[in-house]
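K.L.:
Sequence first, then the predicted structure:
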Amino acid sequence: MVALVDVNNFYVSCERVFCPALHGQPVIVLSNNDGCVVSRSDEAKALQIGMGQPVFEIRELIRKNRVHVFSSNYALYGDMSARVMNTLRQFAPSLEVYSVDESFLDFSGMQRFDLAAHALNIRKTVWRWVGVPVCVGVGPTKVLAKVANHLAKKDKAGNGICLLENNWENALKTLDVSDVWGIGRQYTRLLHQYGIRTAYDLTQANDAWVRKHLSVVGLRIKKELEGEACIHLETDVPNKKNVGTTRTFRQPLSTQNELGEALADFAARCGEKLRKQQSSATMFTAYIQTNHLAAGEQQYSRSFTLTFHTPTNSTLQLVNAAKFALQKIFRSGYRYKRAGVLLGELVHPCAGGQMSLFDNLDHAKHTRLMAALDSVNARFGRNTVRTAAQSLGGSARLTQQNRLSPGYTTKWKEALRVGGSA
DNA sequence: TCTGGGGTCCTAGGACCC
DNA sequence: TCTGGGGTCCTAGGACCC
């Protein structure tokens, strides 16, 4: 049996840990730039605040109902995520961290035990140790564990757990097909056209038909709904195949200088990401674009891709590439709202990257320099040491985070104080 | 006025090989 | 009427996830 454990309203729940008075209150967390709603408490959901809703549409609603609003505090959420995952590890022989707030636990190999009691214990322990509420769904396959988790969450009067051990057909009959993991909007529309409305209906469809319209991915989902495991646990974290850093700017940028600094910041951040997983990139893409949502404005959007002779993870090379790319694509006279750097065709040292005949860089030197840069920045803060091409304030100054909570768990100066002054 | 960021996988079709 | 057979690689586009 497999369990899917996930934190309810994760970002909101993290904020509540350090501000318990927020329990029972409507709370929302916003995306970068404080633009859209990305996490809502149950009370906020009850106010009809939608996932992904632009915040300017609900200003009045927020004011009237005294909704508590937070910018997203990724340092906090990342740290809380690690606490949850570490707590979960002891409850199963193997675990897959599926996302920042979800893990699959594989119980196979465990001695006979009471599943329901075990699931309840997981929930209770995470609550006591970390302070966030989780739901636990258990089933014979990952897709069914997801279904169970969904049902556990929907049942507000329940105890936050749901087991699908056998005879789960009836449960599938109550589940809209769009709520099945892997069935998105497009597939839902298609399935509805053919009269398939529930998860159960999908299990009754013809295999070949599913294969044809939903590809092998859809077929696997169907089999998993029937109890046949097709999607296995990924216990070790695979290296990323692409990394990128992209931002929407609070205020549009117009000059090549401003964009150049932003892209240099993004390239440097990508370098950090590469080095963290010890890989190097072959393909480099930079793009810039105007605000596609501003109907009246002149639109422009272009990207430039280049290939490194020898894969690199040196910030110096990546920043140079950003500068070169921008020269190719920049046109003056536009208000640029978004930009980004994307790296692809990543290679990993164990795989033995191909060296170039024409490469004259001292790689060992770059490697040592980047190691020094990373360790200084790890100790004194990101961008303490940076290239001259980067901005002085870091790209954070180009975005807006007016309601940021403290780094309670990651910065000594911002740790919560209890009682009198220190 | 104001609208996130970061990923993965699969397929079809074209270009090319012998 | 009647047009070989078997393959690889690459890319764009489309779907999905959190």
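P.N.:
Thanks, I have the structure now.

K.L.:
If you count neighbours, what's buried in the helix or strand bottoming out on mean pLDDT in chain A?
P.N.:
In chain A, no helix or strand scores lower on mean pLDDT, DSSP states H and E than strand A:301-312, which sits at a mean of 90. Residues of strand A:301-312 classed as buried: A:304, A:308, A:310, A:311, A:312 (neighbour count, 16 or more other CB atoms under 10 Å). To be clear about C-beta, it is placed using only N, CA and C from the backbone, and glycine gets the same treatment.

K.L.:
could the residues you listed be laid out in CSV, adding distance to DNA strand B?
P.N.:
What follows is the buried residues of strand A:301-312, written out as CSV (distance: CB to the nearest atom of the strand, whole Å):
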residue, distance to DNA strand B
A:304, 17
A:308, 18
A:310, 22
A:311, 16
A:312, 17
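
K.L.:
and those, which two are the farthest apart?
P.N.:
Farthest apart among the buried residues of strand A:301-312 by CB to CB are A:304 and A:310. That separation is 19.6 Å.

K.L.:
Closest one of the buried residues of strand A:301-312 to residue A:371?
P.N.:
Checking the buried residues of strand A:301-312 one by one against residue A:371 (CB to CB), the nearest turns out to be residue A:312, at 14.5 Å.

K.L.:
Chain neighbours aside, what residue packs nearest to that closest one?
P.N.:
residue A:280 (5.3 Å; CB to CB, 6 or more residues apart in numbering).

K.L.:
Next, find the distance separating the one you found from DNA strand B.
P.N.:
Using CB to the nearest atom of the strand, to the nearest Å, one gets 14 Å for the distance from residue A:280 to DNA strand B.

K.L.:
ok, whichever residue of the stretch 51-200 of chain A sits closest to DNA strand C - contacts?
P.N.:
Nearest residue of the stretch 51-200 of chain A to DNA strand C: residue A:184, at 2.4 Å (CB to the nearest atom of the strand). Contacts were defined as CB atoms under 8 Å, 6 or more residues apart in numbering; by that measure residue A:184 touches residue A:178.

K.L.:
what does the stretch 251-400 of chain A put close to DNA strand C?
P.N.:
Along the stretch 251-400 of chain A, not a single residue is adjacent to DNA strand C under the rule CB under 7 Å from any atom of the strand.

K.L.:
List the contacts of stretch A:287-294.
P.N.:
Here stretch A:287-294 makes contact (CB under 8 Å, 6+ apart) with A:252, A:259, A:263, A:297-304, A:326, A:329-330, A:334-340, A:342.

K.L.:
Filter these down to just the buried residues.
P.N.:
A:252, A:259, A:263, A:304, A:326, A:329-330, A:334, A:336-340, A:342.

K.L.:
Can you get me a residue count around residue A:204?
P.N.:
11 (other CB atoms under 10 Å).

K.L.:
Residue A:60 now?
P.N.:
Residue A:60 has 8 neighbours, counted by other CB under 10 Å.

K.L.:
If I take the one helix or strand residue A:340 maps to and strand A:301-312, what angle do their directions form?
P.N.:
Here residue A:340, judged by DSSP states H and E, is contained in strand A:336-344. Computed with axes from the mean of the first three to the mean of the last three CA atoms, to 10 degrees, the direction of strand A:336-344 lies at 30 degrees from that of strand A:301-312.

K.L.:
partner strands of strand A:336-344, parallel or antiparallel?
P.N.:
Here strand A:336-344 is paired, per DSSP bridges, with strand A:243-253 (antiparallel), strand A:281-290 (antiparallel).

K.L.:
and the first one, which residues are buried?
P.N.:
Within strand A:243-253, the residues scored as buried using 16+ other CB under 10 Å are A:243, A:244, A:245, A:247, A:248, A:249, A:252, A:253.
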